[in-house]
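K.L.:
Next come a sequence and a model predicted from it.
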Amino acid sequence: MSGHSKWHSIRHQKSIKDARRSKEFSKLANAITAAVREGGGSNPETNFKLRLAIERAKAANMPKDNIEKAIDRGDLAKNENLEEVIYEGFGPEGTAVLIKVLTNNKNRTLAEIRRVFHNFGGKLGISGSVKHLFKQLGVIKIAGDDLDELELLSIDLGAMDTQRENDKLIIYSQSQDLNKIKQGLETKGAKIEDANFSFEPQNSLYIKEKTKAKKILDFMNSIEDIEEVVDTWANFDIDNEILKEIK
């Protein structure tokens with residue numbers, strides 16, 4: 001892999017930490033609703049994207065009623081005038097950013113996103129201006145003691161690449177292979193922390209200064225704080241020691 005989404009690792013940790021906040025539950029609900037819309041119906045047995053979204057919600061201790069309401073909202077999405085949009089732009093230090101939203105008022109959401117870009121000296125781009133810098137892949141994150149064995153197994157199952165990040169194994173796959181690899185790992189007792197479809201950068205922008213890194217993270221967090229935002233991807237990489245100082 002030429003790059004990897006360091007931001008997604010940071011965002012995932014933040015989601016676990018903040019999972020009890022109503023805003024975080026709202027994002028998880030939006031992801032479930034979006035999965036119903038784009039993945040083929042409200043049955044998680046036949047809609048793999050929905051199953052992944054539900055698993056992530058359950059891992060964050062999201063109440064069952066909230067999950068069911070989010071699924072129902074997806075079934076009624078056309079009547080609610082919900083639109084799914086991916087916005088593209090360049091944040092602080094030229095960071096390439098993709099922002100997936102689910103909204104019933106595109107003009108309002110776009111205005112909020114544009115305001116954040118403006119406040120941090122970034123620029124919202126047109127469709128296609130950033131997306132070509134990313135590749136859509138399946139990403140699985142595993143924690144545990146048998147990572148060497150699971151790494152070999154994932155390769156046998158068709159993984160494209162793997163990386164170690166602290167005490168976790170990150171597995172990259174073609175989108176169509178994600179379910180097969182996930183199921184194969186689960187049969188061997190793998191502790192899967194997260195599995196999802198992701199836009200991974202083809203090359204990473206390495207940030208080596210604490211001030212610049214903090215500005216980028218503040219920008220990304222401000223984008224994430226917009227309620228209609230379902231997911232975000234970015235192409236920056238920050239040294240772990242700098243991250244520790246910022247946190």
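P.N.:
Right, received. Where do you want to start? Residues are numbered from 1 along each chain as shown.

K.L.:
in the chain, which segments are predicted with low confidence?
P.N.:
1-5, 11-22, 39, 76-80, 247 (pLDDT under 70).

K.L.:
how does it look with 80?
P.N.:
Filtered on pLDDT under 80, the chain yields the residue ranges 1-6, 8-24, 38-40, 75-81, 144-145, 166, 247.

K.L.:
Which stretches in it count as helices?
P.N.:
With DSSP state H as the criterion, the chain has helices at 6-17, 22-39, 48-59, 64-75, 106-119, 147-156, 178-187, 210-224, 240-246.

K.L.:
Val85 is nearest to which of those?
P.N.:
helix 106-119 (6.4 Å; C-beta to C-beta). C-beta here means a position set from N, CA and C on the backbone, and glycine is covered the same way.

K.L.:
just the CA coordinates of the closest one, formatted as PDB?
P.N.:
Listed next in PDB are the C-alpha coordinates belonging to helix 106-119 (Å, rounded to 0.1, in the frame of the first residue of the first chain):
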ATOM      1  CA  LYS A 106     -28.100  19.600   0.800                       C
ATOM      2  CA  ASN A 107     -27.800  23.400   0.700                       C
ATOM      3  CA  ARG A 108     -27.600  23.700   4.500                       C
ATOM      4  CA  THR A 109     -25.100  20.900   4.900                       C
ATOM      5  CA  LEU A 110     -22.900  22.200   2.100                       C
ATOM      6  CA  ALA A 111     -22.900  25.600   3.700                       C
ATOM      7  CA  GLU A 112     -21.700  24.100   7.000                       C
ATOM      8  CA  ILE A 113     -19.000  22.100   5.300                       C
ATOM      9  CA  ARG A 114     -17.900  25.100   3.300                       C
ATOM     10  CA  ARG A 115     -17.700  27.200   6.500                       C
ATOM     11  CA  VAL A 116     -15.400  24.700   8.100                       C
ATOM     12  CA  PHE A 117     -13.100  24.600   5.100                       C
ATOM     13  CA  HIS A 118     -13.000  28.400   5.000                       C
ATOM     14  CA  ASN A 119     -12.300  28.700   8.800                       C
END
